[in-house]
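[1] predicted model follows, preceded by the sequence.
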Amino acid sequence: QLVESGGGLVQAGGSLKLSCATSGFTFADYAILWFRQAPGKEREGVSCINNSGGSPRYADSVKGRFTISSDNAKNTVYLQMNNLKPEDTAVYYCNARRQVARTPYDYWGQGTQVTVST
């Protein structure tokens, strides 16, 4: 299970910190990704972190503004979003995934709304 929180309404230039609390699987074995979907647009990847190692990755549109982090003790991933822009307005989703042999494991949260006003 994945539960996102931390969304809300913020003015341009402001900050929000999203949380993705996970349960029901071995957190350390999964990569955790953040996606977002704006009205009328396709879902896009924002950032990802692999709990088994490797560097976090970011979409070009958020590099330098967003930071993903992981707290293995709390089985929670965070997305710190700074200098928010109106184009960041979207529903943000958390995704946990791994693949064992040819079997994919893929879990999604319900999403949290982020609205950035001008």
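    Great, that's in hand. Residues are numbered from 1 along each chain as shown.

[2] any idea which helix or strand in the chain has the lowest mean pLDDT?
    In the chain, no helix or strand scores lower on mean pLDDT, DSSP states H and E than strand 103-108, which sits at a mean of 93.

[3] counting by contacts, list what it packs against.
    Judged by 3 or more Cβ pairs under 8 Å, 6 or more residues apart in numbering; DSSP states H and E, strand 103-108 is in contact with strand 90-100. From N, CA and C alone the C-beta is placed, and that goes for glycine too.

[4] so which bits of the strand it packs on are buried?
    Buried residues in strand 90-100, counted by 16 or more other Cβ atoms under 10 Å: 90-96, 98.

[5] kindly report the same for stretch 22-31.
    Quick answer for stretch 22-31 (16+ other Cβ under 10 Å): 22, 27, 30-31.

[6] now that stretch: mean pLDDT?
    Across stretch 22-31, the average pLDDT comes to 93.

[7] I'd like the distance from it to the chain centre, please.
    In terms of Cα atoms, centre = their mean, to the nearest Å, the centre of stretch 22-31 is set 15 Å apart from its chain centre.

[8] what helix or strand is the residue most central in space within the chain located in?
    Most central in the chain under Cα atoms, centre = their mean is residue 34, positioned 2.5 Å from the mean C-alpha point. Using DSSP states H and E, residue 34 sits within strand 31-37.
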